[in-house]
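> Compute the structure for the input listed below.
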Amino acid sequence: MISAVILAAGRSQRMGRPKMALPWGDTTVIGQVVQTLVQAEVKDILVVTGGYHREVESALQGLPVWVVYNPRFAEGEMVSSLQTGLANLPEAADAALVVLGDQPKIQAHVVSGVIAMYRAQHADLVVPSYQMRRGHPWLIDRRLWGEVQALGVQHTLRDLLQAHASEILYLPVETDSVLIDLDTPGDYERERPKDENPRLPGLG
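Numbering: from 1, shown residues only. This next block holds a predicted model:
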């Protein structure tokens, strides 16, 4: 079984408000991420919250996910959140799909492609690549989870990928959606679906 871990514990400091809960089409930013995973037939979806956890949990109401809170979200943000997520996955999970909660433009065919490549070749790491740049979501086999848990606050997930650079199996994709996340009001205004309200008060 492959489980998804959505990292949604950030403090949205550059956005100035809980970015995961911002409107995105007929849902929210994180709601769109979940919908894409469901479309790709990912059955087990765990969301790790931290900063703005109440707002994020509210945005997830009614969606087929389960939620855990990372009390260490302010330290080693992504590392501690992935550690929390992996520690709470079911024993049946063979691998984890690492997904960013602020990346609503990810596409179901890319998610499916990453999973299919893992199932075909059983690599420890499968990473989508757009024009030689690593993107998300990427997949990590259970064999490496212990290394994730051993990372300290001084480490990043990029450190983990660099340590295993020669072992990564890359999935080349033709879409830059694997690189696009939302950090600032400008990012949101530029990337949001254009058929929704032209502007949110206080953004941009």
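
> Now residue 120. Its backbone dihedrals?
phi -80, psi -30 (degrees, to the nearest 10).

> That one: neighbouring residues, count only.
Using other Cβ atoms under 10 Å, residue 120 has 10 neighbouring residues. Placement of C-beta: from N, CA and C, glycine included.

> Distance of it relative to residue 181?
Per Cβ to Cβ, to the nearest Å, residue 120 is found 28 Å from residue 181.

> got it, and residue 72?
Distance of residue 72 to residue 181, given as Cβ to Cβ: 21 Å.

> So between the two, which is more surrounded?
More crowded of residue 72 and residue 181, by other Cβ under 10 Å: residue 181, with 19 against 15.

> Is that one in a helix, a strand, or coil?
With DSSP: H, G, I helix; E, B strand; the rest coil as the basis, residue 181 sits in coil.

> give the contact list for it.
Contact analysis of residue 181 by Cβ atoms under 8 Å, 6 or more residues apart in numbering lists 100, 102, 103, 136, 187.

> run the last query once more with 6 Å
Contact analysis of residue 181 by Cβ atoms under 6 Å, 6 or more residues apart in numbering lists 100, 102, 103.

> The closest residue to residue 41 other than its chain neighbours - how many residues pack around it?
Leaving aside its chain neighbours, residue 41 sits nearest to residue 112 (7.3 Å; criterion: Cβ to Cβ, 6 or more residues apart in numbering). Using other Cβ under 10 Å, residue 112 has 14 other residues around it.

> and residue 112, that's in a helix?
Yes: counting by three-state DSSP, residue 112 falls inside a helix.

> circling back: reformat the contacts of residue 181 as JSON lines; add secondary structure and pLDDT.
Putting the contacts of residue 181 into JSON lines (DSSP: H, G, I helix; E, B strand; the rest coil; pLDDT from 0 to 100) gives the following:
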{"residue": "100", "secondary structure": "strand", "pLDDT": "96"}
{"residue": "102", "secondary structure": "coil", "pLDDT": "95"}
{"residue": "103", "secondary structure": "coil", "pLDDT": "96"}
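
> Kindly indicate the member of those residues with the most neighbours.
Counting neighbours by other Cβ under 10 Å, residue 103 comes out on top of these with 24 neighbours.

> Look up phi and psi at it.
Note on residue 103: its backbone torsions stand at phi -120, psi 70 [degrees, to the nearest 10].
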